[in-house]
Structures are given as structure tokens and as C-alpha cells.
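Turn this into a structure:
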Amino acid sequence: MNTTHTKTVTFVAGVMLGIVCGEVSSFSTEVAMSAGLLAVVQGGIYFWERKRKQASGVVDAARLFSFSLMTMLFSLGLFVGIIRAQLVEEKNNFVCESTCSFDAKIVSSPEIKNDVQTFRARPLEMDDVYDVQVRAQLYPKYQIGETLKISGKVKVPDVIQMHGDKNNSFDYASYLKTKNVGSEMSYPKVEVIDESAKTFSDTLGRWKENFVTRIDLYVSSPASSLASGMLFGASSMSKDLSQTFRTAGLSHIVVLSGFNIVIVIATILFLFSFLPLILRITFAAVSVVAFVIVVGAEPSVIRATLMAFVSLLAMVVGREYVARDALIISLFAIVMYEPYALTHDASLHLSFLATAGIVYLMKPLEEIFVRYFSSIKSKTFKEIFVTSLAAYIATMPYIMYAFGTVSVYALMANILILPFVPLAMLLSFLVVVSSFILVSLSQVIGFMDTAFIDVMIWIARAVEGLPMASIQSSISFKTMSVVYVCIMLGIIYFSTKNKNETRVTIENGNLTDIISY
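Numbers count the residues shown, from 1 in each chain. Prediction:
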């Protein structure tokens, strides 16, 4: 019981409870003081008992007094979480009920859907205010880094009812605050004041926009929108196509995922294979940071990036990479940076749950697969099936609670479409690279990329057309919690039954699945 992973989970669980307590409780300061005092007392008991037992000749004293250790770690985490929640910088919503004008800078690459472009604008000469989300007409197209004069009404986003349940609403305004957005505007009057990019991040953002343009040039629509989404997180798919992938249970494919991080790291390590290991890893880490700045810090990318950094560090020090610890550490880093995301960011919830499902459920599911489907010899099919099933089981209760739907054929759709994803992403990447070298080569690769992605789109549409492809089925928060408790108890039972820990090294192919989902 007293493993490093158990200690990590205990501490991070305390941190998360502390963040929730610090956000909703008016007695959070008192709770923090009590938790800090308890941590000191339990820590004193633990170290005193450990020293006494060691003096008596008991070697593994830490295991004998794990209760004091776990209590200390949980209390310390609770204290840290509450303090972090109380240190969140308070900003004001910039609201203008009547028409007003203000200067603002575009701080995100515009996302184009149908005939609308959406971007975040940061009001200038206004301290301590959230960004404004602007929906504008498709033309003229704007760029990140431009300074605008915007005229119109600015309002706070409305609360959205979740799957028609009046008692269960989605706090859209709080979700937007995890993106540093506090208000929104629809079709304002916009005038460009300055087109120049003044910061390094603006320059990188324009590189991304240039890359997306090159994909649009050499990959036919609608495949180009899916390619841009998978590779750079450019959300430009039409509403109909987005709904198709949502119904088929393939929404995670159309957005930026950690597989991009795997591609970046693998490419850098290959290109600089002639250099010493420490230099290759340094270049890979720098490249990943630059990539994250270019595409934007989406939760799935941040999680995958942090997990990848842990794996790179493991390579440097020659230690074993433990995916479970890396996942928990990455969650801890994310919520410490943005505490609001813990309770309001559905993207983070889904990304973490899917990865946790792969990390914790793959081993039991693999044994079940081998036991009942031993006649299937394909290792690739087994990995795709088990990975998809693990992620499906882990995310389905949350999807039913948050969105009130179940994609009946999601598992089948993922098994059919996942083999195409790595190749489609690689071809999209090669399209961008070759566009700077040889146009004819870009056209050939773009044609191949279009063909592969068209197959993916055809599969998604075929699944959508099946009877009862998506059914309405919602559960309450309590029911969801009970389901997850049952899943965790099952994992604990299996772990107790099988003492050997599931460890994943850099050479193991499962690392790609864990980081990239």
C-alpha cells in the first residue's frame, strides 16, 4: 500500500479537495489552518515512530506507520490546495450594456467555423480585466497580434442548460474563465489599427496560421479542416461535420491531442540522433515548448507535454518511466497553475479521464482480452481495441452526466478509425514541411492525405447513419460518482490480486498510447 504512487495520489487528492474547498467554502481559511496543524502533528508522529523502529532494528518502518504518513500527505495537500485557491488573481469582467468602443489586441488565432471567425481580444489600457471573446464576420480575416478598435455591446455569457435539464446547468461563464475570457461580443464593428506582431508568441501564432493556410492549399475540403484540427488545433470544421464526429464518439480525434507531442519529440530525437543524449533531449524539450506556444495551451496538450517531460527526464537520469505517476503529477501541475480548471474545464476532465482509463484499465482489459479472445492473434488490433475500450469506460459516465448522450457505436468507430489517425497526422505534417521545399511534392502528399482523411470522414458518417447511433441518457452527479467509485474499487482489487506494478518504459510502445490519447 505504501508505494510512491499511493503517496502521490494521496497528496494530489488533498490538493484537489483543497482547491474545491477554497473556491466554495467560506470557512476555507479555518480548514487550511486545521489541515496544516494536522500535517505537522502527523508528520512528527510518523518521523518519531520511524526513527524509534529503525533504532529497534525494524528496517521497513515507513510501511508500518503508513497511516500517519498518508494523513500527513493528505492534510498537507489540503492546506496547499486551499492556499492556492485563495491566491487566484481576481479579475473583473469587462461589460458594456450599451454600445461602446475600445482598443484591444487579438491574443488567439481566429477560429473559423462556417461563416464566423472567433477570437479573443484583450482590452488595452484596462488593468485586471478578462479577455473578450469576439464573434465576427468571416471577412476580413484577422490575425493574432493585431490591434483593433472594436465597437459594440459586451455581455457576460449565459448559463447553458445541460441536455435540457433545468436542474443541471453548464456554467459556461466559469468555463470561459479557464480560458481567461470573461465576456463576449457578437458581430461588432471592427477597425484594424495596427497589423504588426509585437511579441514572440504573436509571431509563433502567425506561423501556425501560415501552416493552416498551407494545409488548406494542398488538402481538399473538408479533409483540410480535420487535418488542421488534428495537427494544430485549428477548429475550422463545419457544424454538421463536428456533429457527425460527436455522434460517432470521435470528438477526441478532431481536436489537438498529445499525439502531436509524440511526433515532435520523435522527429527531433531522430533528426539529432548524432548528438549526445542530453542535447537531443534539450532540443526536444525546447521544440515541444515552442509547439505548445504555437498551437495554444489546450488541456490535453498540457497534460501530454508534462507527461512527455517526465519521460524525457527519465531518459536523462536513466530511470524507469511510470505512467501513473506522470499522469498524477501532470494533473497536479495543471490545477496548481489554473485552479479554476479543476471544477470548470470539461476538456481537462475528459482528457484526464481518458488517459487515466488507459493507464489504469489497460492491464486488466488486456488479461480479459487474452482470456476470452485468444484466437485473435493481431497485436495491433488488440492494442487498439483495449486502448479504445479503456478510454471509453473511463469517459462514458462523465459524458452521460455532462452531455446526456451515449454514442452507442463509439467503440466500433474508434477501432475502425484510429489506425488512420497517425498516418493522416504524419502526412499533414509532411504537407506543411514539403510546402517550403517543393510544391509538386506537397500536391502529391496532400492528395494522399486527403484520401486517408476522406476515409475517416466516410467512416464517421457511416457510423452516424446507423440506427440509434446516439441516444439520450443522462445520470446525476451522485450516480456518476458511484460508478467511478466502483471502477476504482475494481482497479484496486485487480492491483491487489496482481502485485506486480504496471511500469512503462520509453522502449514500450504503450507509452505512445498513454501520452497521445
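
Just list whatever residues bridge to Val154.
Following DSSP bridges, Val154 is listed with bridge partners Cys96.

ok, so what distance separates it from Glu146?
According to CB to CB, to the nearest Å, Val154 and Glu146 sit 19 Å apart. The way it works is simple: take the backbone N, C-alpha and C, and place the C-beta from them, glycine included.

One more: Ile453?
Distance from Ile453 to Glu146, counting by CB to CB: 31 Å.

of the two, who's got more company?
The neighbour comparison of Ile453 against Glu146 (other CB atoms under 10 Å) goes to Ile453, with 26 against 22.

residue ranges with poor pLDDT in this structure?
Low-confidence segments of the chain, defined by pLDDT under 70: 1-2, 54-65, 159-171, 234-235, 254-260, 262-263, 266, 294-301, 315-321, 497-517.

the strands in it, which residues?
Under the criterion DSSP state E, the chain contains strands at 96-106, 111-113, 116-123, 131-137, 147-154, 160-162, 165-170, 181-186, 189-194, 405-407, 470-472.

who wins for proximity to Met480 among those?
With CB to CB as the criterion, Met480 lies closest to strand 165-170 of these, at 11.1 Å.

who's in contact with the residue nearest to Tyr46 when sequence neighbours are not counted?
Of all residues not flanking Tyr46 in the chain, Ser68 sits nearest, at 3.9 Å (CB to CB, 6 or more residues apart in numbering). Taking CB atoms under 8 Å, 6 or more residues apart in numbering, we find Ser68 in contact with 42-43, 45-46, 49.

Now do the domain split for the protein, please.
Residue ranges for the domains of the chain, per automatic domain parsing: 4-86, 96-198, 241-516.

Just give me how far the longest one sits from the chain centre.
This points to domain 241-516. Its chain's average C-alpha position is 9 Å from that of domain 241-516, according to CA atoms, centre = their mean, to the nearest Å.

do the second one as well
Here domain 96-198 is found 22 Å from its chain centre; the criterion is CA atoms, centre = their mean.

Next: the first one.
Average the C-alpha atoms of domain 4-86, do the same for its chain, and the two points are 28 Å apart (CA atoms, centre = their mean).

My read is that Thr450 contacts Ser220, right?
Yes. Applying CB atoms under 8 Å, one finds Thr450 in contact with Ser220, separated by 4.6 Å.

When the two are compared, which one has more neighbours?
Thr450 (21 against 15).

which one among the contacts of Ser68 gets closest to Trp207?
Checking the contacts of Ser68 against Trp207 by CB to CB gives Gly43 as the nearest, at 49.2 Å.

Next, count neighbours for the closest one.
Residues lying near Gly43 (other CB under 10 Å) number 17.

so it touches Phe74, yeah?
No. With contact defined as CB under 8 Å, Gly43 does not reach Phe74; the gap is 11.7 Å.

follow-up on the earlier one: need the contacts of Ser68 in TSV (columns: distance to Ser476).
Formatted as TSV, the contacts of Ser68 follow (distance: CB to CB, whole Å):
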residue	distance to Ser476
Gln42	35
Gly43	39
Ile45	40
Tyr46	39
Glu49	43
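
Restricted to helices, list those residues.
Taking DSSP state H as the definition of helices, the contacts of Ser68 contribute 42-43, 45-46, 49.

List the contacts of Lys177.
Contact analysis of Lys177 by CB under 8 Å, 6+ apart lists 130, 340, 344.

Restricted to helices, list these.
Among those, the residues falling in helices (DSSP H) are 340, 344.

Looking at the contacts of Lys177, spot the one nearest Lys382.
Nearest to Lys382 among the contacts of Lys177: His344, at 37.1 Å, using CB to CB.

mind listing what the closest one touches?
His344 is in contact with 171, 174-175, 177-178, counting by CB under 8 Å, 6+ apart.

6 Å instead, please
174-175, 178 (CB atoms under 6 Å, 6 or more residues apart in numbering).

how near is Tyr493 to Ile487?
Going from Tyr493 to Ile487 by CB to CB gives 11 Å.

who has more neighbours, the two?
Counted by other CB under 10 Å, Tyr493 and Ile487 do not tie: Ile487 has more neighbours, with 17 against 11.

how near is the closest residue to Ser238 other than its chain neighbours to Leu217?
Spatial nearest neighbour of Ser238, excluding adjacent residues (CB to CB, 6+ apart): Asn114 at 5.7 Å. Using CB to CB, we find Asn114 at a distance of 20 Å from Leu217.

quick revisit: so for Ala85, which of the strands of the chain sits nearest?
Across the strands of the chain, closest to Ala85 is strand 181-186 (CB to CB), at 18.4 Å.

Contacts for that closest one next, please.
Under the criterion CB under 6 Å, 6+ apart, residues 93-95, 130-135, 152, 154, 156-157 lie in contact with strand 181-186.

again, only using 7 Å
Here strand 181-186 makes contact (CB atoms under 7 Å, 6 or more residues apart in numbering) with 91, 93-95, 120, 129-135, 150, 152-157, 176.

same deal with stretch 456-473?
163, 222-223, 226, 244-245, 247-248, 250, 400, 404-409, 413, 416-417, 420, 424.

Now do the buried residues in that stretch.
Residues of stretch 456-473 classed as buried: 456-457, 459-460, 463-464, 469-470 (neighbour count, 16 or more other CB atoms under 10 Å).

Could I get the residues you listed in JSON lines, plus columns for distance to Ser434?
JSON lines is the format used below for these (distance: CB to CB, whole Å):
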{"residue": "Met456", "distance to Ser434": "21"}
{"residue": "Ile457", "distance to Ser434": "23"}
{"residue": "Ile459", "distance to Ser434": "27"}
{"residue": "Ala460", "distance to Ser434": "27"}
{"residue": "Val463", "distance to Ser434": "32"}
{"residue": "Glu464", "distance to Ser434": "33"}
{"residue": "Ala469", "distance to Ser434": "37"}
{"residue": "Ser470", "distance to Ser434": "38"}
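
ok, so of these, who is nearest Ile376?
Checking those against Ile376 by CB to CB gives Ile459 as the nearest, at 20.8 Å.

what's the distance between that closest one and Leu138?
Taking CB to CB as the measure, Ile459 falls 29 Å from Leu138.

before we move on, back to that, and the contacts of stretch 456-473, which of them are buried?
222-223, 226, 244-245, 247-248, 250, 400, 404-409, 413, 416-417, 424.

Among the residues you listed, which are located in helices?
Counting by DSSP H, the part of the buried ones among the contacts of stretch 456-473 found in helices is 223, 226, 244-245, 247, 400, 413, 416-417, 424.

now the residues you listed in TSV, with distance to Met33?
TSV is the format used below for those (distance: CB to CB, whole Å):
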residue	distance to Met33
Ala223	58
Leu226	52
Thr244	53
Phe245	49
Thr247	50
Met400	39
Ala413	51
Leu416	55
Ile417	52
Ala424	54
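
Specify which member of the residues you listed is nearest to Leu124.
Within these, the smallest distance to Leu124 is 35.7 Å, found for Leu226 (CB to CB).
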